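J.: Here's a sequence, model it:
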Amino acid sequence: MPAALPRKSRELHNHHFDSTIWNDLKFRNDDIVIGTYAKSGTTWMQQIIAQMLLGPDPELAVADMSPWVDLRVPPKEVKLPMIEAQTHRRFLKTHLPVDALVFSPKAKYIYIGRDGRDVVWSMYNHHANANQMWYDALNLTPGRVGPPIERPPADIVQYWRDWMAKDGHPFWPFWENIRTWWEIRELPNVLLVHFSDLKRDMAGQMRKIAAFLNIPVNEDRFPEIREYCSFNWMKQNATKSVPLGGAFWDAGAEVFINKGENRRWADVLPEAESRKYEAKAVEELGAECARWLSQGSHV
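T.: A predicted model of the protein is given here:
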């Protein structure tokens, strides 16, 4: 187990990030922080926690209730008062690595992992379907540091190659994100969950999450809670869980919650490139973490 809680050692800024927002957040004793690299089940986890805390309720506006703290839009002067005004048990979202995050002993942290190949295939759908409003919000809002985010190539394999060659391009570094969370997995206020485990046994994982967060499970209404957390229900009701009701995607909120499937890359990504990714994962993360990232607990 790490000898002490991790300390923030740097800031991250780009077209999406303003990690300084965390510096001024006033933590509460029961705060929940949901972390992922991205496209790893973040929205799914937000829905699960919302329904277990406050549901079952099909009308919960999860996107509003669970803000992405380090997203630089809106700026901290707007975002932090909104978070402070929340009266429910807060469950906040981050895509930061641990060393760029303010880590509080008051909060409980849930980090979701997913195979990088699945992440990129989901991310490409997210990026390729984004509209001009999305680009304008990220690129034109004052305070952007670094280059703008540009439209993706038409070829998803080229997108993959760029992501691999430039470590997470055009979003943010991948390996350090996974590695920093894996390193603190034994802290008592940290729980690692894997996307594939949620797919295999959502009910069992929900109970595990509830126990970690000290949320009593309402057995009489648990089937209803499970239904509102199912992928099919979330896709059919995506406007409640997607930022701005899906306004950043011309195809609507449903495109944000795309397929929820793994291995869509298997018939597209050349085998040699898939093996290169697997070797890179072991090199960057070590064998144990690479196995977990590939398949979850069933390895």
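J.: Could I get the full set of helices for the chain?
T.: Taking DSSP state H as the test, the helices found in the chain are 42-54, 62-65, 76-84, 116-128, 132-140, 156-165, 175-182, 195-200, 202-212, 222-229, 231-236, 271-285, 287-295.
J.: pLDDT below threshold where in the protein?
T.: Flagging of the chain using pLDDT under 70 yields the residue ranges 1-3, 239-246, 248, 251-261, 298-299.
J.: Which among the helices of the chain is found nearest to K93?
T.: For the helices of the chain, distance to K93 was read as Cβ to Cβ. The smallest value, 6.1 Å, belongs to helix 42-54. In this view, the C-beta of every residue, glycine as well, is placed from N, C-alpha and C.
J.: List the buried residues of the closest one.
T.: By neighbour count with 16 or more other Cβ atoms under 10 Å, helix 42-54 contains the buried residues 42-53.
J.: quick one: contacts for W172?
T.: For W172, the set of contacting residues under the criterion of Cβ atoms under 8 Å, 6 or more residues apart in numbering consists of 12, 14, 16-17, 37-38, 95.
J.: top of the residues you listed by neighbour count?
T.: With neighbours defined as other Cβ atoms under 10 Å, the most crowded of these is Y37; it has 27 neighbours.
J.: That one and N177 touch, don't they?
T.: Yes - under the contact definition of Cβ atoms under 8 Å, Y37 touches N177, with a separation of 4.4 Å.
J.: could you dump the helices of the chain to JSON lines with distance to F91?
T.: Below are those laid out as JSON lines (distance: least, Cβ to Cβ, whole Å):
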{"stretch": "helix 42-54", "distance to F91": "5"}
{"stretch": "helix 62-65", "distance to F91": "7"}
{"stretch": "helix 76-84", "distance to F91": "11"}
{"stretch": "helix 116-128", "distance to F91": "21"}
{"stretch": "helix 132-140", "distance to F91": "23"}
{"stretch": "helix 156-165", "distance to F91": "29"}
{"stretch": "helix 175-182", "distance to F91": "17"}
{"stretch": "helix 195-200", "distance to F91": "16"}
{"stretch": "helix 202-212", "distance to F91": "11"}
{"stretch": "helix 222-229", "distance to F91": "14"}
{"stretch": "helix 231-236", "distance to F91": "16"}
{"stretch": "helix 271-285", "distance to F91": "27"}
{"stretch": "helix 287-295", "distance to F91": "24"}
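J.: quick revisit: list just the nearest of the buried residues of helix 42-54 to G204.
T.: With Cβ to Cβ as the yardstick, the closest approach to G204 among these comes from I48, at 12.2 Å.
J.: Can you give me every residue that contacts that closest one?
T.: When contacts are counted by Cβ under 8 Å, 6+ apart, I48 is found next to 206, 209, 229.
J.: thinking again about what came up before, select, out of the helices of the chain, the one closest to N262.
T.: helix 116-128 (4.8 Å).
J.: and that closest one, what does it pack onto?
T.: Applying 3 or more Cβ pairs under 8 Å, 6 or more residues apart in numbering; DSSP states H and E, one finds that helix 116-128 contacts helix 156-165, helix 271-285.
J.: Can you say which of those helices is packed in most?
T.: helix 156-165 (a mean of 16; mean count of other Cβ atoms under 10 Å).
J.: close enough to count as contact, D115 and A290?
T.: No - between D115 and A290 there is no contact, the gap being 9.8 Å when judged by Cβ under 8 Å.
J.: check contacts around W265.
T.: Remark: with contacts taken as Cβ under 8 Å, 6+ apart, W265 is in contact with 117-118, 120-121, 160, 274.
J.: from these, which is closest to N214?
T.: Using Cβ to Cβ as the measure, the one of these that approaches N214 most closely is D118, at 30.8 Å.
J.: ok now stretch 41-52, how far from the chain's centre?
T.: Here stretch 41-52 is found 11 Å from its chain centre; the criterion is Cα atoms, centre = their mean, to the nearest Å.
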